[in-house]
Every structure is written in C-alpha cells, then in structure tokens.
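**Q** structure for this input, please:
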Amino acid sequence: MEQHPTDFRPVSVLSIAGSDSGGGAGIQADLKTFAAHRVHGLTAIAALTAQNTRGVSAVHVPPLDFLRAQIDVLFDDFRIGAVKLGMLANAQVVETVADALIAHEVRNLVLDPVMVATSGARLLEADAIRAIRERLFPLTRVLTPNLHEAELLAGHPIQSLEKMQQAAHELRTHDAMAVLMKGGHRPTDDVVDVLLDGAQLHSFTRPRLDVDGHGTGCTLSAAIAANLALGHDIKSACEAAGDYVFGALEHAIRPGSSQVSVLGHGWQGR
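**A** Numbering: from 1, shown residues only. Prediction:
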C-alpha cells in the first residue's frame, strides 16, 4: 500500500515550563522558537503566570497529577526528539517531572534552571533547588544557567571568564552532561558564553546589543533542544541557538507600554 505523506511523523520537541500570558517568554517563546526551527512544538504547562512586559502579578501551579497527565499523553502519541525544562515552581513539581522523564527514558534533556530573575531576585526555595540538582541534573544533557543561577548553584560569585569556566566544571555532574554558562549579566562590551562539552571548553562571543530583551534564556534553551532533536551535536546546537537569539534580539519589538522588548522570532524569514 502506498504511504501517504502524512504517515511520516516529524520530530517533536516538548517544553515543560511556565506560561507567559504576555507572550514574551516561557511556553509562548518556546513554541515560537520551535516553529522557527521547523520542529513540531509540544507543551506541558508547569505553571500559569499573569504577566505583561512590566512584570508578574500572579502565579498558579496546576495539580501535579494534571502535569503528569500532560506529559504522559504526549509521549504516548508523538515522536519526541528532545525536551526543554523551564520554570518549575517548587520541589513537588520537580519530583513529578523527574519521575515522568525517567519513565519515558528521555535522552536529549535541556535544563534551563529558572531560579533567579533578571533583577537578581531569587524565585525558588532551597528545597526546589536541591531537588533540581539531585533529580534533574543526572538526566540533563545540556544545562543553561545564567550567571545569577550559576552563582546560586555553585555557591560563590562568578565575575570573570575564568570563574565561568571553573563553575562550568563544578556544575557538571556526569560525563554526558554539557554546561553552557550564559555571560549576558557580566558588564562587558561583548557577551561571552562558555560551553563545557566533555573535556572541551568552547566560547561564543557576540557584541552586546542595546536591547532590554524578555525571554532570551527561554528562547536559547528551546533552540538548543530543537537543534538536538534535528541531529546537531552539542557544540553546533549551542552555537546555532546563540546565533538565533542574537538575530531575534536584533529584530526585537516592544508590543507593551514598557521599555522591555519581545524577541522577533520570525527574523530568519524576513
């Protein structure tokens, strides 16, 4: 019997993260990123936020059994090539997600440890951070902390390129895990990200743009997950993802009344 083109299941990428009602970060940014990379985007919503470009006014965490149901039903139907984790509000959510990832034998896991806001405010309690380290790090293929999050995880300040490299080694917990240290919070003319992949250290340098961008971390981790699902190795996946975020920042827009910009995800097609 002749195979119909729709019988082929394209690769899908799953985001388990929080929803941003303002459309700039979280699940919404992830779906835009997946679409730009031509992979099918799936979502399991771990938190609902009431937010706009001026900030977050409320957060609601769905029941844990509903979160697990979202994840299970997706793995039951789709060919999932990678999973990206974003905002996981508490230790119970982390435990639920970890149990599901183990049950479904996830291999390409990109963990964006959303622990600290851009302002430096801590978003998670100590038990949630401990659960992320103990339950999710062993499952992770690429960890993508910003400097505030890396400082919280490593337990010391990270102000120089050398300290970024040191912290990447400290955070790497197993041989299959890579650590991409995002350098955007260092007050330098260029933004330097550091990747520890196996025993190899790489750096990616791009000029700093004068843009107050919202959702850059979400977008970067989602782009890495999409690239891994498409068959890229870790280094090329991370480098291409950084290039994508840079282009989206160059084409950012300001849809709200604040000075915060939302990334222009469709820039490659312009």
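**Q** show me the contacts for the closest residue to His202 other than its chain neighbours.
**A** Spatial nearest neighbour of His202, excluding adjacent residues (Cβ to Cβ, 6 or more residues apart in numbering): Leu195 at 4.4 Å. Using the backbone N, CA and C atoms, a C-beta is placed for each residue, glycine as well. Neighbour list for Leu195: Ala168, Ala178, Val179, Leu180, Met181, Leu201, His202, Ser203, Phe204, Ile234, Lys235, Cys238 [criterion: Cβ atoms under 8 Å, 6 or more residues apart in numbering].
**Q** 6 Å instead?
**A** For Leu195, the contact set (Cβ atoms under 6 Å, 6 or more residues apart in numbering) comprises Leu180, His202, Cys238.
**Q** in a helix, it, correct?
**A** No. According to DSSP: H, G, I helix; E, B strand; the rest coil, Leu195 belongs to no helix; its state is strand.
**Q** go through the longest helix along the chain and flag the buried ones.
**A** For the chain, the longest helix by residue count, based on DSSP state H, is helix 234-250. For helix 234-250, the neighbour count (16 or more other Cβ atoms under 10 Å) marks 234-235, 237-242, 244-249 as buried.
**Q** same check, this time on stretch 205-225
**A** For stretch 205-225, the neighbour count (16+ other Cβ under 10 Å) marks 206, 211, 213-225 as buried.
**Q** pull the CA atoms of it into CSV?
**A** Presented in CSV, the C-alpha positions along stretch 205-225 are these (Å, rounded to 0.1, in the frame of the first residue of the first chain):
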residue,chain,number,x,y,z
THR,A,205,31.4,35.8,21.6
ARG,A,206,28.9,38.2,20.2
PRO,A,207,28.5,42.0,20.5
ARG,A,208,26.2,43.3,23.2
LEU,A,209,23.0,44.8,21.8
ASP,A,210,21.3,47.8,23.4
VAL,A,211,18.1,45.9,23.9
ASP,A,212,16.2,45.0,27.1
GLY,A,213,15.1,41.7,25.8
HIS,A,214,12.5,39.4,27.5
GLY,A,215,12.6,35.7,27.1
THR,A,216,16.2,35.3,25.9
GLY,A,217,17.0,32.4,28.2
CYS,A,218,13.8,30.5,27.4
THR,A,219,14.5,31.0,23.7
LEU,A,220,18.1,29.9,23.9
SER,A,221,17.3,26.6,25.7
ALA,A,222,14.4,25.9,23.3
ALA,A,223,16.6,26.5,20.3
ILE,A,224,19.2,24.1,21.7
ALA,A,225,16.6,21.5,22.2
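**Q** average model confidence for it?
**A** Averaged across stretch 205-225, pLDDT comes to 93.
**Q** contacts for that stretch, please.
**A** With contacts defined as Cβ under 6 Å, 6+ apart, stretch 205-225 is touched by 13, 24-26, 29-30, 33, 82, 84, 86, 110, 112, 142, 144, 189-192, 237-238, 241, 244-246, 249, 252, 259-263.
**Q** any weak-confidence spans in the stretch 51-200 of the chain?
**A** The model of the stretch 51-200 of the chain has pLDDT under 70 over residues 116-123.
**Q** show the contacting residues for Pro138.
**A** No contacts exist for Pro138 under Cβ under 6 Å, 6+ apart.
**Q** next: Ala240.
**A** Contacts here follow Cβ under 6 Å, 6+ apart; on that basis Ala240 touches Asn227.
**Q** how near is it to Asn227?
**A** 5 Å (Cβ to Cβ, to the nearest Å).
**Q** take the buried residues of stretch 205-225 and keep only those in strands.
**A** Arg206, Gly213, His214 (DSSP state E).
**Q** partner residues bridging the last one?
**A** Put plainly, it is His214. Counting by DSSP bridges, His214 forms beta bridges with Val262.
**Q** how close does it sit to Thr53?
**A** Distance of His214 to Thr53, computed by Cβ to Cβ: 7 Å.
**Q** do the same with the second one
**A** Between Gly213 and Thr53 the distance, using Cβ to Cβ, works out to 11 Å.
**Q** now do the helices for the stretch 101-250 of the chain: every range, in order, please.
**A** 126-131, 147-154, 161-171, 216-229, 234-250 (DSSP state H, counting those that start in this stretch).
**Q** Asp76 is nearest to which of these?
**A** Of all these, helix 216-229 sits nearest to Asp76, with 18.1 Å by Cβ to Cβ.
**Q** all good on my end, thank you.
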